[in-house]
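Peer 1: Predicted model, plus sequence, below.
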Amino acid sequence: MFRKRRGHVAYCIIGLERFGLELASELAKTGADLLLLDTDADAVAEARELTQNALIIGNIDEKTLLEAGVQNCDVVVVTLTEHVDSSILATLLVMNMGVPKVVSKAAGAMHGKILEKMGAEVVFPEHDMAVRLATKLSNSHLLDVVSLSEQINMSKMQVPDSFVGKSIVEVDLRNTFHLNIIAIETVAGVLDNIEPGYRFASGDILYVVGKLDNLELLDKLVEDNG
(Lines give C-alpha, C1' and ligand atoms only; values in the text may rest on other atoms or scores of the structure.)
Protein backbone atom coordinates (compact mmCIF):
# COMPACT_ATOMS: atom_id res chain seq x y z
CA MET A 1 0.00 0.00 0.00
CA PHE A 2 1.23 3.49 -0.93
CA ARG A 3 2.15 5.84 1.92
CA LYS A 4 3.58 9.30 1.44
CA ARG A 5 6.81 10.50 3.00
CA ARG A 6 6.53 12.81 5.98
CA GLY A 7 6.60 16.45 4.95
CA HIS A 8 5.84 15.70 1.29
CA VAL A 9 2.70 16.31 -0.77
CA ALA A 10 1.36 13.11 -2.33
CA TYR A 11 -0.49 13.07 -5.64
CA CYS A 12 -2.46 10.19 -7.12
CA ILE A 13 -3.36 10.14 -10.81
CA ILE A 14 -6.02 7.65 -11.86
CA GLY A 15 -5.84 7.16 -15.62
CA LEU A 16 -2.54 7.39 -17.48
CA GLU A 17 -3.73 8.67 -20.81
CA ARG A 18 -1.59 11.37 -22.40
CA PHE A 19 -2.81 14.10 -20.06
CA GLY A 20 -2.25 11.94 -16.97
CA LEU A 21 1.29 11.00 -17.99
CA GLU A 22 2.23 14.59 -18.82
CA LEU A 23 0.89 15.80 -15.48
CA ALA A 24 2.77 13.01 -13.68
CA SER A 25 5.97 13.96 -15.48
CA GLU A 26 5.69 17.60 -14.39
CA LEU A 27 4.89 16.67 -10.80
CA ALA A 28 7.79 14.21 -10.69
CA LYS A 29 10.18 17.06 -11.47
CA THR A 30 9.18 18.72 -8.20
CA GLY A 31 10.10 15.67 -6.13
CA ALA A 32 6.49 15.10 -5.03
CA ASP A 33 5.32 11.63 -3.98
CA LEU A 34 3.32 10.01 -6.78
CA LEU A 35 0.85 7.13 -6.97
CA LEU A 36 -0.10 6.35 -10.58
CA LEU A 37 -2.91 3.93 -11.46
CA ASP A 38 -4.26 2.54 -14.72
CA THR A 39 -5.81 -0.64 -16.10
CA ASP A 40 -3.45 -0.57 -19.10
CA ALA A 41 -0.15 -2.41 -18.53
CA ASP A 42 1.72 -0.48 -21.24
CA ALA A 43 0.74 2.88 -19.72
CA VAL A 44 1.83 1.72 -16.26
CA ALA A 45 5.16 0.45 -17.63
CA GLU A 46 5.81 3.91 -19.10
CA ALA A 47 4.80 5.56 -15.83
CA ARG A 48 7.33 3.48 -13.88
CA GLU A 49 10.04 5.65 -15.42
CA LEU A 50 8.66 8.37 -13.16
CA THR A 51 7.96 6.36 -9.98
CA GLN A 52 7.91 2.81 -8.73
CA ASN A 53 4.46 3.55 -7.31
CA ALA A 54 2.82 2.96 -10.70
CA LEU A 55 0.29 0.14 -10.41
CA ILE A 56 -1.93 -1.86 -12.73
CA ILE A 57 -5.46 -2.04 -11.37
CA GLY A 58 -8.03 -4.49 -12.63
CA ASN A 59 -11.14 -2.51 -11.78
CA ILE A 60 -12.29 0.86 -10.56
CA ASP A 61 -13.86 -0.04 -7.23
CA GLU A 62 -13.51 0.95 -3.59
CA LYS A 63 -11.52 -2.11 -2.53
CA THR A 64 -8.98 -1.72 -5.34
CA LEU A 65 -8.40 1.98 -4.65
CA LEU A 66 -8.10 1.45 -0.89
CA GLU A 67 -5.62 -1.38 -1.35
CA ALA A 68 -3.54 0.85 -3.62
CA GLY A 69 -3.44 3.54 -0.91
CA VAL A 70 -5.36 6.31 -2.69
CA GLN A 71 -6.79 7.46 0.67
CA ASN A 72 -3.26 8.40 1.81
CA CYS A 73 -2.86 11.05 -0.90
CA ASP A 74 -3.36 14.81 -0.54
CA VAL A 75 -4.53 15.34 -4.12
CA VAL A 76 -6.17 12.86 -6.49
CA VAL A 77 -6.55 13.65 -10.19
CA VAL A 78 -8.98 11.51 -12.20
CA THR A 79 -8.28 11.60 -15.96
CA LEU A 80 -10.49 8.77 -17.26
CA THR A 81 -12.22 10.73 -20.04
CA GLU A 82 -12.25 7.82 -22.50
CA HIS A 83 -14.68 6.10 -20.11
CA VAL A 84 -17.02 8.71 -18.63
CA ASP A 85 -18.80 6.21 -16.38
CA SER A 86 -15.46 5.12 -14.88
CA SER A 87 -14.50 8.76 -14.40
CA ILE A 88 -17.68 9.50 -12.47
CA LEU A 89 -17.36 6.35 -10.37
CA ALA A 90 -13.70 6.95 -9.52
CA THR A 91 -14.42 10.56 -8.57
CA LEU A 92 -17.28 9.51 -6.29
CA LEU A 93 -15.22 6.78 -4.60
CA VAL A 94 -12.24 9.05 -3.98
CA MET A 95 -14.39 11.85 -2.57
CA ASN A 96 -16.03 9.37 -0.19
CA MET A 97 -12.56 8.44 1.08
CA GLY A 98 -12.11 11.99 2.36
CA VAL A 99 -9.18 12.94 0.12
CA PRO A 100 -8.58 16.70 0.69
CA LYS A 101 -8.53 17.69 -3.00
CA VAL A 102 -10.11 15.80 -5.90
CA VAL A 103 -9.59 17.10 -9.44
CA SER A 104 -11.34 15.46 -12.40
CA LYS A 105 -10.68 15.91 -16.09
CA ALA A 106 -13.88 16.46 -18.06
CA ALA A 107 -14.49 15.14 -21.56
CA GLY A 108 -17.13 17.77 -22.26
CA ALA A 109 -19.53 20.30 -20.78
CA MET A 110 -22.12 17.81 -19.52
CA HIS A 111 -19.45 15.55 -18.00
CA GLY A 112 -17.99 18.61 -16.32
CA LYS A 113 -21.34 19.64 -14.85
CA ILE A 114 -21.83 16.18 -13.34
CA LEU A 115 -18.37 16.23 -11.78
CA GLU A 116 -18.92 19.72 -10.41
CA LYS A 117 -22.22 18.70 -8.81
CA MET A 118 -20.35 15.85 -7.11
CA GLY A 119 -18.02 18.44 -5.58
CA ALA A 120 -14.89 17.79 -7.64
CA GLU A 121 -12.71 20.52 -9.11
CA VAL A 122 -12.98 20.17 -12.87
CA VAL A 123 -10.40 20.79 -15.59
CA PHE A 124 -10.99 21.06 -19.33
CA PRO A 125 -7.61 20.25 -20.91
CA GLU A 126 -7.99 22.17 -24.18
CA HIS A 127 -9.02 25.33 -22.35
CA ASP A 128 -6.34 24.85 -19.71
CA MET A 129 -3.66 24.31 -22.36
CA ALA A 130 -4.69 27.55 -24.04
CA VAL A 131 -4.41 29.42 -20.72
CA ARG A 132 -1.07 27.74 -20.05
CA LEU A 133 0.36 28.78 -23.42
CA ALA A 134 -0.98 32.31 -23.14
CA THR A 135 0.53 32.67 -19.69
CA LYS A 136 3.86 31.32 -20.86
CA LEU A 137 3.97 33.70 -23.83
CA SER A 138 2.89 36.79 -21.94
CA ASN A 139 5.00 36.39 -18.77
CA SER A 140 8.75 36.56 -19.12
CA HIS A 141 9.80 34.69 -15.95
CA LEU A 142 7.14 31.95 -15.92
CA LEU A 143 8.65 29.05 -17.87
CA ASP A 144 5.60 26.83 -17.62
CA VAL A 145 2.26 26.60 -15.83
CA VAL A 146 0.30 23.45 -14.93
CA SER A 147 -3.34 23.84 -13.88
CA LEU A 148 -4.05 21.61 -10.89
CA SER A 149 -7.59 22.94 -10.55
CA GLU A 150 -9.68 25.91 -11.64
CA GLN A 151 -7.89 28.07 -9.07
CA ILE A 152 -4.60 26.40 -8.20
CA ASN A 153 -1.65 26.34 -10.59
CA MET A 154 1.89 25.04 -10.36
CA SER A 155 4.44 27.26 -12.09
CA LYS A 156 8.01 26.57 -13.13
CA MET A 157 9.75 29.94 -12.75
CA GLN A 158 13.22 31.23 -13.42
CA VAL A 159 14.55 32.91 -10.28
CA PRO A 160 14.42 36.70 -10.75
CA ASP A 161 17.71 38.59 -10.53
CA SER A 162 16.30 40.58 -7.62
CA PHE A 163 16.01 37.37 -5.58
CA VAL A 164 19.61 36.24 -6.04
CA GLY A 165 21.50 36.30 -2.74
CA LYS A 166 18.33 36.67 -0.69
CA SER A 167 16.89 33.96 1.53
CA ILE A 168 13.41 32.45 1.21
CA VAL A 169 12.45 34.25 4.43
CA GLU A 170 13.63 37.60 3.06
CA VAL A 171 11.73 37.20 -0.20
CA ASP A 172 8.64 35.90 1.68
CA LEU A 173 6.51 34.83 -1.30
CA ARG A 174 3.97 33.20 1.00
CA ASN A 175 2.90 36.39 2.77
CA THR A 176 3.58 38.81 -0.07
CA PHE A 177 1.98 36.90 -2.95
CA HIS A 178 0.24 33.95 -1.24
CA LEU A 179 2.51 31.58 -3.17
CA ASN A 180 4.32 28.50 -1.88
CA ILE A 181 7.67 27.21 -3.13
CA ILE A 182 7.48 23.41 -3.28
CA ALA A 183 10.85 22.72 -4.94
CA ILE A 184 13.98 24.45 -6.22
CA GLU A 185 16.05 23.14 -9.12
CA THR A 186 19.69 24.09 -8.56
CA VAL A 187 22.96 23.24 -10.33
CA ALA A 188 23.46 20.54 -7.69
CA GLY A 189 20.02 18.96 -8.12
CA VAL A 190 16.41 19.39 -6.99
CA LEU A 191 15.69 20.53 -3.44
CA ASP A 192 12.30 19.32 -2.21
CA ASN A 193 12.90 19.95 1.49
CA ILE A 194 12.84 23.73 1.42
CA GLU A 195 14.76 25.44 4.22
CA PRO A 196 13.72 29.02 5.09
CA GLY A 197 17.38 30.10 5.18
CA TYR A 198 18.17 28.92 1.64
CA ARG A 199 19.61 31.76 -0.45
CA PHE A 200 18.69 31.92 -4.11
CA ALA A 201 21.44 31.57 -6.68
CA SER A 202 21.55 32.70 -10.29
CA GLY A 203 20.12 29.98 -12.51
CA ASP A 204 17.80 28.50 -9.89
CA ILE A 205 14.42 27.27 -11.14
CA LEU A 206 11.52 27.62 -8.71
CA TYR A 207 8.43 25.41 -8.61
CA VAL A 208 5.68 27.55 -7.11
CA VAL A 209 2.04 26.75 -6.31
CA GLY A 210 -0.74 29.30 -6.03
CA LYS A 211 -3.46 31.16 -7.88
CA LEU A 212 -2.69 32.21 -11.44
CA ASP A 213 -3.49 35.86 -10.64
CA ASN A 214 -0.83 35.86 -7.92
CA LEU A 215 1.72 34.21 -10.22
CA GLU A 216 1.10 36.86 -12.84
CA LEU A 217 1.28 39.61 -10.20
CA LEU A 218 4.70 38.36 -9.10
CA ASP A 219 5.92 38.23 -12.69
CA LYS A 220 4.68 41.77 -13.39
CA LEU A 221 6.39 43.13 -10.29
CA VAL A 222 9.66 41.45 -11.24
CA GLU A 223 9.37 42.81 -14.78
CA ASP A 224 8.61 46.34 -13.57
CA ASN A 225 11.59 46.26 -11.21
CA GLY A 226 13.87 44.73 -13.83
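Peer 2: Structure received.

Peer 1: Contact partners for Leu21?
Peer 2: By C-beta atoms under 8 Å, 6 or more residues apart in numbering, the contact list for Leu21 reads Ala43, Glu46, Ala47. Yep, even glycine has a C-beta here, placed from its N, CA and C like the rest.

Peer 1: my guess is the first one contacts Leu16, does it?
Peer 2: Yes - between Ala43 and Leu16 a contact is recorded at 3.9 Å, counting by C-beta atoms under 8 Å.

Peer 1: So for those two, which sits in the more crowded spot?
Peer 2: More crowded of Ala43 and Leu16, by other C-beta atoms under 10 Å: Leu16, with 26 against 19.

Peer 1: Make JSON lines from the contacts of Leu21 and add pLDDT to it.
Peer 2: Below are these laid out as JSON lines (pLDDT from 0 to 100):
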{"residue": "Ala43", "pLDDT": "94"}
{"residue": "Glu46", "pLDDT": "94"}
{"residue": "Ala47", "pLDDT": "95"}
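
Peer 1: just those residues now: which is nearest Ile168?
Peer 2: Ala47 (31.9 Å; C-beta to C-beta).

Peer 1: how close does the closest one get to Ala106?
Peer 2: According to C-beta to C-beta, to the nearest Å, Ala47 and Ala106 sit 22 Å apart.

Peer 1: quick one: which of these two has more around it?
Peer 2: Using other C-beta under 10 Å, the more surrounded residue of Ala47 and Ala106 is Ala47, with 26 against 23.

Peer 1: contacting residues for the more buried one?
Peer 2: Leu16, Leu21, Ala24, Leu36, Asp38, Ala54.

Peer 1: Looking at those residues, which one is closest to Gln158?
Peer 2: Lowest distance from Gln158 to the contacts of Ala47 (C-beta to C-beta) belongs to Ala24, with 23.2 Å.

Peer 1: That closest one: neighbour count?
Peer 2: By other C-beta under 10 Å, 26 other residues sit near Ala24.

Peer 1: and it, what does it touch?
Peer 2: If you count contacts by C-beta under 8 Å, 6+ apart, then Ala24 has Tyr11, Ile13, Leu16, Leu34, Leu36, Ala47, Leu50, Thr51 around it.

Peer 1: burial measure for the first one, as a count.
Peer 2: If you count neighbours by other C-beta under 10 Å, Tyr11 ends up with 24.

Peer 1: Would you list the phi and psi of the residue lying closest to it once chain neighbours are set aside?
Peer 2: The shortest distance from Tyr11 to any non-neighbouring residue, by C-beta to C-beta, 6 or more residues apart in numbering, is to Val75 (4.9 Å). Main-chain dihedrals, Val75, degrees, to the nearest 10: phi -130, psi 130.

Peer 1: shouldn't Val75 be in contact with Val94?
Peer 2: No - here Val75 does not reach Val94: they are 10.2 Å apart, not a contact under C-beta under 8 Å.
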